[in-house]
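>>> Mind looking at a prediction? Sequence and model below.
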Amino acid sequence: MRPGICAARASRCSIAISVPRMVGDRPGLPEKKTLVFVEVKTRGPGNLGRPADAVDSGKEEALMRGAQAWLRMLGEPGVPVRIDIVEVIVGERRPEITLTRDALAFTGER
């Protein structure tokens, strides 16, 4: 699977990618792929709260539906799934970018 923008019906997420992860902690062990959904939230100067605060229960449900749709489409129900959130705070200087891995626990069907 290539990185891309994902959309499944009314369910949306910002980015869906497949990345390798090491199984175990020793070199030479086989890699396993993980399907990662990344929700990107941006805030400008003067906005209150963290960008991730905008991921409410409705958005979380939409992300779960989108992940389930991708798994059905791929036909690989055993693929590990991770949902991350990237926060971008744009200010007068360089943007502040924060990645939170496993921000939401995937609770969908496999």
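Yes, it's here.

>>> Now for Gln68, how many residues are close by?
By the measure other Cβ atoms under 10 Å, the count of residues near Gln68 is 19. For glycine as for every other residue, the C-beta is placed from the backbone atoms N, C-alpha and C.

>>> Buried residues in the strand or helix carrying it, which are they?
Element membership for Gln68 (DSSP states H and E) is helix 57-74. Residues 59-60, 62-71 are the ones in helix 57-74 that count as buried (16 or more other Cβ atoms under 10 Å).

>>> Quick check: Ala62 vs Ala69, distance?
With distances taken as Cβ to Cβ, to the nearest Å, Ala62 is found 11 Å from Ala69.

>>> Also Ala103?
Counting by Cβ to Cβ, the gap from Ala103 to Ala69 is 19 Å.

>>> Ile83 now?
Counting by Cβ to Cβ - Ile83 and Ala69 are separated by 14 Å.

>>> helices and strands around the helix holding Gln68, which ones?
Judged by 3 or more Cβ pairs under 8 Å, 6 or more residues apart in numbering; DSSP states H and E, the packing partners of helix 57-74 are strand 4-8, strand 11-22, strand 31-43, strand 81-89, strand 96-104.

>>> Cool, thanks, signing off.
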